[in-house]
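# below is the sequence, then the predicted model.
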Amino acid sequence: MKSPGIPYFVVLVLLGTLLSVGFENLHAQDAKKNSVRLKADYFKIMEGEIYLKIKATSKIENQNIEVPNLEITVYNEVNDEEIVIGNAITNNKGESKFIIENLNTITTDSTNTYNLGVSFDGNEAFKRASRSISFKNADIEAKLITKDSINYISATLSDTSADSLLAEKSLVIQVQRLFSPLKIGEEFNFTDENGTIFVPIEDGIPGLDGNLNIEVVLQDSDDYGTVKAIINAPIGKPIVEESTFDQRTLWSPRGKTPIFILFFTGGLIFGTWGIIIYLITNLFKISKN
Amino acid sequence: MVNYDVFIKDIAPKKFSKRGMIWVSFLVIIIVAGIIAYIDQLLQGQVVTNMRDYVLWGIYISNFVFFVATSFVGSVAVAILRLTNNPWRTPFVRIAEIITVAAIVMAGITIMIDMARPDRLLNLFVHARLQSPITWDVIIIPTYMTISILLLYFPLMPDFALLKKHFEKTKPKWSKWYGKLSLKWTGSKVQKEIQTKSIAIISVMIIPVGLLLQTIDAWLFSTTYRVGWDSTNFAPYFISGAFVAGIGSLVAVIYVVRKAKKLEAYITEYHFDKLGKLLALACLLYIYFNINEYVIPLFNSKKADSEHLQTLFTGDYAFPFWAVTIVGLVLPTLILLFKKGRKPLPMFITSIIVVIGAWWKRYIIVTPTLMHPFLPIQGVPESWHSYFPSLHEWIITSATLAMALLIITLLVRYLPVIPIQRTMDEQELSKTKNQQEL
């Protein structure tokens, strides 16, 4: 006998399922978007690139997460007007490098300050965000000087727009290395009234073919951002490559087996197996006699 | 002085007794279980073993080292005793040769069992680097195996000819087979000359090749930069250990064969006494090298080595370490130093203890070292920090041991375990000598 309650039960289950799906959709529509925090730093490499380093992060569940694939707009702020100068997309680390091809194409304000902005228009997951950045144009002119057999780095820092030398600014002298630069000289090298520093370079710093890439850096300045001059100085101690790649070693591939092992091991193998073959032929000799 | 007819009747192969059949059946069951476990290992991969990132050489490798060590008996008991002109070796040289063949064959098979992809075996030859001790091992094992088979076969030819004649009327089929194996041996002067010369060459050759085999086996470990293995003492340590394992196995097998085949008249207490002295010498040598290996590092070892020694002396492996050292080595030496300890039964019990100790000794050499890598292994489950063989590993290892015993059993069954021709020649020689003296 069929129970009358079963059809009602099935209808209830179906209704429950449909309602729960509907509420899920409603919930998705109401889901709270996360905020994005944008960070932009200005970098200038003398006789090299000028760029903005942009980073996007978001605090999700009390953790700072790098936000990839965000489309960032970069614009020039001129008299309350925003002139778009380009776009950038963040990579897997939430970073993007926006290269400024020519600083002269960007308009400055009355104080010769460049005012740029970076903004994100928002999407399904993140709210819109923006950040402004201001900087002046500075130059570092660096050269290598040798005096009494001692090598020095001479560097002069100047404000390009104002055409003035910058005194009392701390510059860092460092040598490019594989992972992070090697700082040399004093911890703080303040420019004098001529905007110049004069730092001796110690002997014996290793470099490929004796070449050192010495950097003079104005680091993260509030007014000028990061400005860097790189000098190629042939004053290092040449690195002698101790690679055994082409040599016959115990750890080289079989094509480069050391000769003594080839002869010694080969001699043992062929000697022993030669005798074994002789012994086996003796079995045939016994059989024939 | 033994009559020829009585002698050949005693030595000639006989059917298995009921006990023999039970023994063979027992071995076959273990082997079949091992084959099933191995097929499962092939299908599922080595995940069925407990070898992981830390212990990547487990029970298979320690078992392999044990087989390699045992195979050294051919070099010691046959070749060295022959070259040093010790006639008392005659009744048991064939058993020693049989053990050598069985052990080295099983060493070769065991190392293949340890390979996760045995189908890539040929790559060991195709991509061989002569700088690698693994390549030396791949070369030396087939070489030693071939020499061991030749060492067994050459002295057998006259005996096969005698057995052909012996079974001519009673078992013509057997007679035919022995005839084929004798390679038409007639005992002619030329044949004897070639055979004597060949045996002399093999006896000389098997000593350096045997020493090389043990040395390469040791170098597999000592060329690996690991605590407990990084030792210049390792090769002689392994050679002396092989001396113990080989002679220990020989004594155990001789006792069983003597009992099963009723050979008390040929393998006497005198032979056990001599072998007992040889085993005592081997144990003393091994104790000496153990002192070198474990006591000297106590004075100068660095932190990692000290931790390794602590694991052995008072840590997780203290029980097997001291059991192997005291019960498996020191105690047998003390027993063997007394004449009563060198009687057949005490010798048999002692040799069994020595062999079990020798097997566990290899386990002690392989496993604890792998627990202490110089570079810590990160991100692995806690269970991987310790090792005890899985059921698959135990079954497969037991099967390899059973297979070695089956090879010995079958060879003992079908071959004359005491060299017939050589024994008769020696008796003839001593008779002539006595007559001349009179």
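Yep, it's here. Source: prediction; values computed, not measured.
# give me the nearest residue to the most centrally placed residue in chain B, chain neighbours excluded.
Central residue of chain B (C-alpha atoms, centre = their mean): B:Thr70, 2.0 Å from the mean position. Leaving aside its chain neighbours, B:Thr70 sits nearest to B:Ala103 (4.0 Å; criterion: C-beta to C-beta, 6 or more residues apart in numbering or on different chains). The C-beta positions use only the backbone N, C-alpha and C, and glycine is treated the same way.
# what's around the one you found, how many residues?
Neighbourhood size, B:Ala103 [other C-beta atoms under 10 Å in any protein chain shown]: 28.
# how far does the helix or strand where B:Leu411 lies sit from its chain's centre?
Assigned by DSSP states H and E, B:Leu411 belongs to helix B:391-414. The gap between where helix B:391-414 is centred and where its chain is centred comes out at 12 Å by C-alpha atoms, centre = their mean, to the nearest Å.
# so who does B:Ala260 touch?
B:Ala260 sits next to B:Ser17, B:Arg19, B:Gly20 when contact means C-beta atoms under 8 Å, 6 or more residues apart in numbering or on different chains.
# quick revisit: average model confidence for whichever strand or helix holds the residue nearest to B:Thr70?
Assigning secondary structure by DSSP H and E places B:Ala103 in helix B:90-113. Summarised as a single mean, pLDDT over helix B:90-113 is 96.
# following the chain past it, name the next helix or strand.
Using DSSP H and E, the helix or strand that follows helix B:90-113 in sequence is helix B:123-126.
# can that following helix be said to contact chain A?
No: using C-beta under 8 Å from any C-beta of the partner chain, we find that helix B:123-126 stays clear of chain A, coming within 10.1 Å at best.
# would you mark the buried spots in that helix?
For helix B:123-126, the neighbour count (16 or more other C-beta atoms under 10 Å in any protein chain shown) marks B:Leu124 as buried.
# got the CA positions of it in CSV?
Listed next in CSV are the C-alpha coordinates belonging to helix B:123-126 (Å, rounded to 0.1, in the frame of the first residue of the first chain):
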residue,chain,number,x,y,z
ASN,B,123,70.0,1.7,-18.7
LEU,B,124,72.6,0.8,-16.1
PHE,B,125,74.7,-0.6,-18.9
VAL,B,126,73.7,1.8,-21.7
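# which elements pack onto that helix?
Helix B:123-126 sits against helix B:133-166, with contacts defined as 3 or more C-beta pairs under 8 Å, 6 or more residues apart in numbering or on different chains; DSSP states H and E.
# tell me the angle of the next helix or strand after the helix it packs on relative to helix B:391-414?
The element immediately downstream of helix B:133-166 (helix or strand, assigned by DSSP H and E) is helix B:172-181. Helix B:172-181 runs at 100 degrees relative to helix B:391-414, counting by axes from the mean of the first three to the mean of the last three C-alpha atoms, to 10 degrees.
# if we can go back for a sec, how about the helix holding B:Ala103: buried residues?
Within helix B:90-113, the residues scored as buried using 16+ other C-beta under 10 Å are B:90-108, B:110-111, B:113.
# for stretch B:361-381, same thing?
Quick answer for stretch B:361-381 (16+ other C-beta under 10 Å): B:Lys361, B:Arg362, B:Tyr363, B:Ile364, B:Ile365, B:Val366, B:Thr367, B:Pro368, B:Thr369, B:Leu370, B:Met371, B:His372.
# ok, the nearest residue to B:Ala116 once chain neighbours are set aside to B:Phe388 distance?
Among residues not flanking B:Ala116 along the chain, B:Gln46 sits closest, at 4.8 Å (C-beta to C-beta, 6+ apart). Distance, B:Gln46 to B:Phe388, by C-beta to C-beta, to the nearest Å: 16 Å.
# between those two, which one's more packed in?
For the pair B:Gln46 and B:Phe388, the greater number of neighbours falls to B:Gln46 (20 against 11), based on other C-beta under 10 Å.
# all helices for the stretch 1-150 of chain A, in order.
When assigned using DSSP state H, counting those that start in this stretch, the helices of the stretch 1-150 of chain A occupy the ranges A:5-30.
# which residues of it score low on pLDDT?
A:1-31 (pLDDT under 70).
# switch to 50 and redo it
Residue ranges of the stretch 1-150 of chain A with pLDDT under 50: A:1-2, A:22-30.
# so which residues on chain A come close to chain B?
A:249-254, A:257-258, A:261-262, A:265-266, A:268-269, A:272-273, A:275-276, A:278-280, A:282-283, A:285-289.
# relative to chain A, how far out is the residue nearest to B:Ala116?
26 Å (C-beta to the nearest C-beta, to the nearest Å).
# quick one: pLDDT of that residue?
Looking at B:Gln46, its pLDDT is 94.
# residue of the stretch 1-150 of chain B nearest chain A, please.
B:Arg129 (4.2 Å; C-beta to the nearest C-beta).
# revised request: answer the last question for the stretch 151-300 of chain B.
For the stretch 151-300 of chain B, C-beta to the nearest C-beta, closest residue to chain A: B:Leu183, 4.1 Å.
# so the closest residue to that residue other than its chain neighbours versus B:Ile36, what's the distance?
Nearest residue to B:Leu183 in three dimensions, chain neighbours excluded: A:Ser287, at 4.1 Å (C-beta to C-beta, 6+ apart). Distance of A:Ser287 to B:Ile36, computed by C-beta to C-beta: 42 Å.
# lowest-confidence helix or strand of chain B?
Across the helices and strands of chain B, mean confidence by mean pLDDT, DSSP states H and E is lowest for helix B:420-437: a mean of 72.
# could you tell me whether B:Met315 really is in a strand?
You called it Met, but residue B:315 is Gly. No: according to DSSP: H, G, I helix; E, B strand; the rest coil, the state of B:Gly315 is coil, so it is not within a strand.
# that one: neighbouring residues, count only.
B:Gly315 is flanked by 15 other residues according to other C-beta under 10 Å.
# mind checking the backbone torsions on it?
The phi/psi pair for B:Gly315 (degrees, to the nearest 10) reads phi -90, psi -150.
# give the contact list for it.
Counting by C-beta under 8 Å, 6+ apart, B:Gly315 has no contacts.
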